[in-house]
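**Q** Output the structure for:
(one chain, ligands or ions: 1)
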Amino acid sequence: MTALQVRVEIPERGVAVDETFDGAGVSALVGPNGAGKSTVLAAVAGLLRPRRCRVVLGDRVLVDTDAGTWLPPHRRRVALLGQDPLAFPHLDVRGNVAFGPRAQGVPRREAGSRADAWLERLDIAHLAGRRGSELSGGQAQRVALARALACRPDLLLLDEPLSALDVEVAADVRHVLRDLLHGSDTRVLLVTHDLLDVVSLAHDVAVVEGGRVTERGPAVTLLDAPRSAFAARFVGRNLLRGTVIAPGQVRLPDGLVVHGRGDLPVGGEAVALCDPADVAVHVGPVTGSPRTVIPAVVTDLATHAGAVRLWACTPSGVRVGADVTPLACAELGLRAGTAVTLAVKAQGVRILPAP
Ligand SMILES: Nc1ncnc2c1ncn2[C@@H]1O[C@H](COP(=O)(O)OP(=O)(O)OP(=O)(O)O)[C@@H](O)[C@H]1O
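**A** I've put the predicted structure just below:
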């Protein structure tokens, strides 16, 4: 599969990313709003012209600002699909899908049969004669996908392709994408805010925070053991960062010590990870003998899979989630502003190297 090297530096947007994507298929870029994910895609697609940028796809240099190389978007063999699929309204669906190959010089008949094949594969052959302006959101997104793939791009950029669709249609299109992308040799960069996209589509994940990649690794590793603050939130874990002071002990910046499993060298930066289901909430004295006891103040409550997810803020300003039953929540009188003590057994805490 074609490797992709991306170096994008845009100081005015606070973006400085330098990554190589050369493993299997779909790499997801995740991160908070404004982190720089779409900026990276736009630079790779050629919609932005940063002052410093180098993008190499296989053996083709698409951009190298140091060498004065800049290929225009239509010569990159890169397709970008966003959340608002734009079909040419005056062309029918078949014409829309055949348009790209035609523009690349493919003869009319061949472009038409290529379009038919993609419409068939995406299960939208029955829409072939519809106008681009007569499609639902899910149909339009499938047509856009067919249109992108009919050009046989070396790289497909997907910028939140499912976020404008309702849950059922998104699930449907995600399924189609999964079938198409797994086993295909098209390299894909996928920007998403949806955990399901990562779970079902991504092989590899880069976490972008504040314009930098703060964590990178196989999707299964990130889902199991996230090490950046964003990735932990993304997969619903608590993450506390500090310094290892003894085997299985991490001191947080406010002096609190978290006990857990792990034998990292003393003095190193580490993260302590725990599941909200393993955090007990106390008002008043703590019972039992948990190893980690953290004073905190409740900031908010939310329903979560039949339970209440309580969020509390520690003295060092870290948000920690804890799952409590609705009954316990009512009996303890938990509400925003309540001072609580969070208790976690060492068994429920994993200590990993900080990213
Ligand atoms: N057209 C633009 N002109 C100037 N600055 C921009 C422009 N678009 C985005 N930015 C800035 O660039 C930075 C990165 O934005 P970008 O849209 O790439 O983030 P993102 O990670 O894709 O966010 P989101 O998840 O909200 O889509 C932000 O500070 C943003 O304000």
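**Q** and the nearest residue to Ala146 once chain neighbours are set aside, what does it touch?
**A** Once flanking residues are discounted, Ala146 sits nearest to Trp118: 4.0 Å by Cβ to Cβ, 6 or more residues apart in numbering. All C-beta atoms are positioned from the backbone trio N, CA, C, and that covers glycine. With contacts taken as Cβ atoms under 8 Å, 6 or more residues apart in numbering, Trp118 has the following neighbours: Val97, Ala146, Leu149, Ala150.
**Q** Show me how to select, in PyMOL, the buried members of those.
**A** In PyMOL, this line selects whichever of the contacts of Trp118 come out buried by 16 or more other Cβ atoms under 10 Å:
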select buried, resi 97+146+149+150
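**Q** Mind putting the contacts of Trp118 into a markdown table with pLDDT?
**A** Putting the contacts of Trp118 into a markdown table (pLDDT from 0 to 100) gives the following:
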| residue | pLDDT |
| --- | --- |
| Val97 | 93 |
| Ala146 | 90 |
| Leu149 | 88 |
| Ala150 | 90 |
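**Q** In helices, which of the contacts of Trp118 appear?
**A** Counted as lying in helices by DSSP state H, out of the contacts of Trp118, are Val97, Ala146, Leu149, Ala150.
**Q** so where do the helices sit in the stretch 251-355 of the chain?
**A** Assigned by DSSP state H, counting those that start in this stretch, the stretch 251-355 of the chain shows helices spanning 326-331.
**Q** Find the closest residue to the ligand in it.
**A** Closest contact between the stretch 251-355 of the chain and the ligand, by Cβ to the nearest ligand atom, is at Pro355 (18.2 Å).
**Q** For that residue, grab the count of nearby residues.
**A** In terms of burial, Pro355 registers 17 neighbours under the definition other Cβ atoms under 10 Å.
**Q** In contact with it, which residues?
**A** Per Cβ under 8 Å, 6+ apart, neighbours of Pro355: Thr214, Glu215, Arg227, Ser228, Val271.
**Q** any idea which element Val205 lies in?
**A** Counting by DSSP states H and E, the secondary-structure element that holds Val205 is strand 204-209.
**Q** ok, residues contacting that strand?
**A** Surrounding strand 204-209, the residues in contact under the criterion Cβ under 8 Å, 6+ apart are 17, 19, 21, 23-24, 26-32, 35-37, 40, 198, 213-219, 222, 228-231, 234.
**Q** Go back to these and keep what's next to the ligand.
**A** By Cβ under 6 Å from any ligand atom, the members of these lying near the ligand are Gly31, Ala35, Gly36, Lys37.
**Q** Setting the sequence-adjacent residues aside, check what's closest to the first one.
**A** Using Cβ to Cβ, 6+ apart and skipping residues adjacent in sequence, the residue nearest Gly31 is Val208, 3.7 Å away.
**Q** from what I can see Ile294 touches Ser316, true?
**A** No. Taking contact to mean Cβ atoms under 8 Å, the distance of 9.6 Å between Ile294 and Ser316 leaves them out of contact.
**Q** shared neighbours, those two?
**A** When contacts are counted by Cβ under 8 Å, 6+ apart, Ile294 and Ser316 have Leu256 as shared neighbours.
**Q** Neighbour count for the two, which is higher?
**A** More crowded of Ile294 and Ser316, by other Cβ under 10 Å: Ile294, with 24 against 14.
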